[in-house]
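Student: Could you look at this predicted model? Sequence included:
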2 protein chains.
Amino acid sequence: MNFEEYIGQLQQSLQRGELTTFFCHCSIQYSGRAESYLDFGDRIIIIKQDGTVLIHQPEGGMPINYIKAPAKCEFELQREEEQELLFFQATSGNDQIQVHITEIYHYYAQRLIDGKKQDLSGKESEMSDMLREQPELISPDFKPLSREEHTKYGFIDVFGHLGDGTLAVIECKRYTAGLSAVSQLRRYVEKIKSAKGITKVTGILAAPAITANALEMLHNFQCSFKQVDPPKRHIRKKREQQKIQQFFS
Amino acid sequence: MNFEEYIGQLQQSLQRGELTTFFCHCSIQYSGRAESYLDFGDRIIIIKQDGTVLIHQPEGGMPINYIKAPAKCEFELQREEEQELLFFQATSGNDQIQVHITEIYHYYAQRLIDGKKQDLSGKESEMSDMLREQPELISPDFKPLSREEHTKYGFIDVFGHLGDGTLAVIECKRYTAGLSAVSQLRRYVEKIKSAKGITKVTGILAAPAITANALEMLHNFQCSFKQVDPPKRHIRKKREQQKIQQFFS
DNA sequence: TACTACATCTCGCAT
DNA sequence: ATGCGAGGTGTAGTA
């Protein structure tokens, strides 16, 4: 199939709303929020049904270039220095990629039917739910007050008071807490102090671990760290069978 | 091609180090840092040459599931409730996805040759470079200190002094600065104060814009905002041709 | 390795 | 639309 035929195919695929993919040899220019150039090499290009464009190199987890949906996709046959090439341009807002394709190795497009939503668990909100249900994980005298306090200064994960009446702001993190987590907590504590006009407010950072610098900073602010592991998730039993083929050991 | 033949093909593709893709109907379970389930639907699965696994739904910019390289990929023919299905499992560290495939619509694999690196500009570091070269963008009396000194104190973007001898810590952002940018700047200012034992230290947030809350917080800390646009990048002239085909208007 | 911050972050949620 | 924070964040740079 020559480039002219490919252009016809690609146009049809996009008009039909098909998920369109091709393996090709190309160079890529990007201009928009930043600018980039990628010299010629083999890549896979994916144009999704909503107009998302993804370009992947043969290695690495992230797309090397992308355009957010809905991208306007244009194709053009070009001749440069005695050589034909397929020019592909995708535009969305101020972002634009220009792809010069010298060879298409493979092309396939198909309308895919999905629409299912992923059910995901193990988020930070589940950890704050757990702390509200089991406040003793923070301290024996901790009593949670309400659900998330969603203010314009950000939302507070858990909010309650200690036995001596001190208000406690809890910020929880699923992973090792760093400096930014401490800064965030500090912001909330100060906000509560100034908004409610009270001084007996403390902050508690609840996380499975904390970095040394963050702990030092936390103590400087008269706040404390409470080691709390995120909610236990059901561990799916790994399949171990002899017949299974393995690669990438 | 039946599932048994597909398994043979897939194994060969992975052994050969080919970039392997297929369109299929499947459900996906994920277990690792979190847990997820996605009910049956049509998706595209990509196994990269380094063992990265990406699964994309027909819409949306992000993979709905993924496994980081190098994933161990296993295939198995299963029979459940009178129906054959292809079971695909990818494992990397504690992360695992299990895919139950009831139909493969299309399969293609090819070894791709690349290795080119992207040349990217428009990063925040270029903005701080600009401020070091054009300190008058901050203030007529701002004198930046050397880059050497700047790294000595950590992650401070630009560091210098004003005409009256006050030390100035500059934090720059390429986009609208929010609360976290102010918190970050505040941390740096306090670090310098305690490290140098001096009090005449101020913070300047340099960004194209700042949110109202962030500006209020900034002023509370005796710091200031300086409106600075990120470095001008060469704007690639948009191609405007009549013949170009358009979709996703 | 651990820690820190950027990212063409993306995404959802609430104002 | 904007603001804010989480993310299975990923990725690079540095100590």
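Tutor: Yep, it's here. Numbering: from 1, shown residues only, chains lettered A, B, ... in the order given.

Student: center of chain A, which residue is that?
Tutor: residue A:62 (11.0 Å; Cα atoms, centre = their mean).

Student: what's the distance between that residue and chain B?
Tutor: From residue A:62 across to chain B, the span is 9 Å (Cβ to the nearest Cβ, to the nearest Å). For glycine as for every other residue, the C-beta is placed from the backbone atoms N, C-alpha and C.

Student: do residue A:214 as well
Tutor: 11 Å.

Student: Now that residue, what are its backbone angles?
Tutor: In terms of degrees, to the nearest 10, the main-chain angles of residue A:214 are phi -70, psi -40.

Student: Report how many residues lie close to it.
Tutor: Residue A:214 has 22 neighbouring residues, counting by other Cβ atoms under 10 Å in any protein chain shown.

Student: Run through who's touching the helix or strand hosting residue A:4.
Tutor: For residue A:4, the host element (DSSP states H and E) is helix A:3-15. Contacts of helix A:3-15 with the rest of the structure, by Cβ atoms under 8 Å, 6 or more residues apart in numbering or on different chains, involve A:1, A:20, A:47, A:73, A:75-77, A:84-86, A:104, A:107, A:109, B:245, B:247-248.

Student: Now, those residues that are in strands?
Tutor: Counting by DSSP state E, those place A:20, A:47, A:73, A:75-77, A:84-86, A:104, A:107, A:109 in strands.

Student: how far out from the middle of the chain is stretch A:178-190?
Tutor: 22 Å (Cα atoms, centre = their mean, to the nearest Å).

Student: for stretch A:6-16, that is, sorry about that
Tutor: Centre-to-centre, stretch A:6-16 and its host chain are 31 Å apart (Cα atoms, centre = their mean).

Student: Same check on stretch A:69-76?
Tutor: Distance, centroid of stretch A:69-76 to centroid of chain: 24 Å (Cα atoms, centre = their mean).

Student: about what we covered before: go ahead and build a ChimeraX selection from the buried members of the ones in strands among the contacts of helix A:3-15.
Tutor: Buried residues among the ones in strands among the contacts of helix A:3-15 (16 or more other Cβ atoms under 10 Å in any protein chain shown), as a ChimeraX selection:
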select /A:20,47,73,75,76,85,86,104,107,109
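
Student: Against chain B, which of the ones in strands among the contacts of helix A:3-15 make the cut? List them.
Tutor: A:73, A:75-76 (Cβ under 8 Å from any Cβ of the partner chain).

Student: Among the residues you listed, which one lies nearest to DNA strand D?
Tutor: residue A:73 (21.5 Å; Cβ to the nearest atom of the strand).

Student: Please name the bridge partners of the closest one.
Tutor: residue A:90 (DSSP bridges).

Student: domain ranges for chain A?
Tutor: Domains of chain A are assigned by automatic domain parsing as A:3-110, A:124-233.

Student: could you dump those to TSV with distance to DNA strand D and mean pLDDT?
Tutor: Formatted as TSV, the domains of chain A follow (distance: least, Cβ to the nearest atom of the strand, whole Å; pLDDT from 0 to 100):
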stretch	distance to DNA strand D	mean pLDDT
domain A:3-110	4	97
domain A:124-233	2	91
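
Student: Extract the C-alpha set from the longest helix belonging to chain A and format it as PDB.
Tutor: With secondary structure taken from DSSP state H, chain A has its longest helix at helix A:179-196. The C-alpha coordinates for helix A:179-196 follow below in PDB (Å, rounded to 0.1, in the frame of the first residue of the first chain):
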ATOM      1  CA  LEU A 179       8.700  17.600  53.000                       C
ATOM      2  CA  SER A 180       5.700  18.600  51.000                       C
ATOM      3  CA  ALA A 181       3.400  16.500  53.100                       C
ATOM      4  CA  VAL A 182       4.600  18.400  56.200                       C
ATOM      5  CA  SER A 183       4.200  21.700  54.400                       C
ATOM      6  CA  GLN A 184       0.600  20.700  53.500                       C
ATOM      7  CA  LEU A 185      -0.200  19.800  57.100                       C
ATOM      8  CA  ARG A 186       1.300  23.000  58.400                       C
ATOM      9  CA  ARG A 187      -0.900  25.000  56.100                       C
ATOM     10  CA  TYR A 188      -4.000  23.300  57.400                       C
ATOM     11  CA  VAL A 189      -3.000  23.800  61.000                       C
ATOM     12  CA  GLU A 190      -2.400  27.400  60.500                       C
ATOM     13  CA  LYS A 191      -5.600  27.800  58.600                       C
ATOM     14  CA  ILE A 192      -7.600  26.300  61.300                       C
ATOM     15  CA  LYS A 193      -5.900  28.400  63.900                       C
ATOM     16  CA  SER A 194      -6.600  31.700  62.100                       C
ATOM     17  CA  ALA A 195     -10.100  30.700  60.900                       C
ATOM     18  CA  LYS A 196     -11.300  29.500  64.300                       C
END
